[in-house]
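J.: Give the three-dimensional model of this entry:
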Amino acid sequence: MSHDPLIESPNLIIKALSHPDQELLAPHLERVPLERDDVLARTNEHIRHMYFLEGGVASMTALSTDGERTEIGVIGFEGVSGLSQVLGSNCSPHETFMQIGDTHALRIDSGRFAAAFEQSQSLRQIVLRLIHTSMVQMSQSAVAYARFQIEGRLARCALPPENRTIRG
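T.: Numbers count the residues shown, from 1 in each chain. Predicted structure coming up:
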């Protein structure tokens with residue numbers, strides 16, 4: 001078997017994939033560098049690529065009608081950006097950018113990932129569990145912002161960013 005970037009990736013989604021799912025994605029993955037402030041997806045624009053982060057932290061932000069951005073979620077080495085694509089939308093409702101960069105990600109064309117998602121039941125199960133987890137985290141953030149003073153709001157981010165990142 002050839003040397004495969006999936007086998008070496010610290011990304012937890014990639015590590016959780018079965019060998020057939022890794023083989024399905026491997027020919028379409030490209031390892032790319034990511035720096036602070038690199039944009040992975042723009043609000044209401046076509047999702048061109050999905051990124052399996054290998055370190056760093058990406059922020060997902062929502063834009064209010066007055067132009068203010070609010071962080072609604074984060075992605076680290078446990079996730080992938082661009083999940084709206086597999087939910088049937090080729091546009092992102094949020095902007096996603098690197099908050100902590102100087103890392104790498106495995107990048108895949110969003111259309112190719114969507115095709116693999118449709119083809120593989122096991123890949124679909126893993127990604128749907130990730131989406132569910134993201135929904136739970138976003139709902140807890142909404143509760144914290146709506147119900148608690150600053151101390152309670154900060155408690156949702158108690159895990160220091162260093163614990164969400166991998167330095168290699």
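
J.: Now do the buried residues in stretch 85-104.
T.: 85-86, 92, 94-101, 103-104 (16 or more other C-beta atoms under 10 Å). Using the backbone N, CA and C atoms, a C-beta is placed for each residue, glycine as well.

J.: With stretch 37-50 instead?
T.: Judged by neighbour count using 16+ other C-beta under 10 Å, the buried positions of stretch 37-50 are 38, 40, 41, 47, 49, 50.

J.: And the closest residue to the first one other than its chain neighbours, how close does it get to residue 57?
T.: On the basis of C-beta to C-beta, 6 or more residues apart in numbering, the spatially nearest residue to residue 38 that is not a chain neighbour turns out to be residue 98, at 4.5 Å. With distances taken as C-beta to C-beta, to the nearest Å, residue 98 is found 7 Å from residue 57.

J.: One more: residue 137?
T.: Relative to residue 57, and taking C-beta to C-beta, residue 137 is found at 13 Å.

J.: who has more neighbours, these two?
T.: When residue 137 and residue 57 are compared for neighbours, residue 57 comes out ahead with 19 against 14, by other C-beta atoms under 10 Å.
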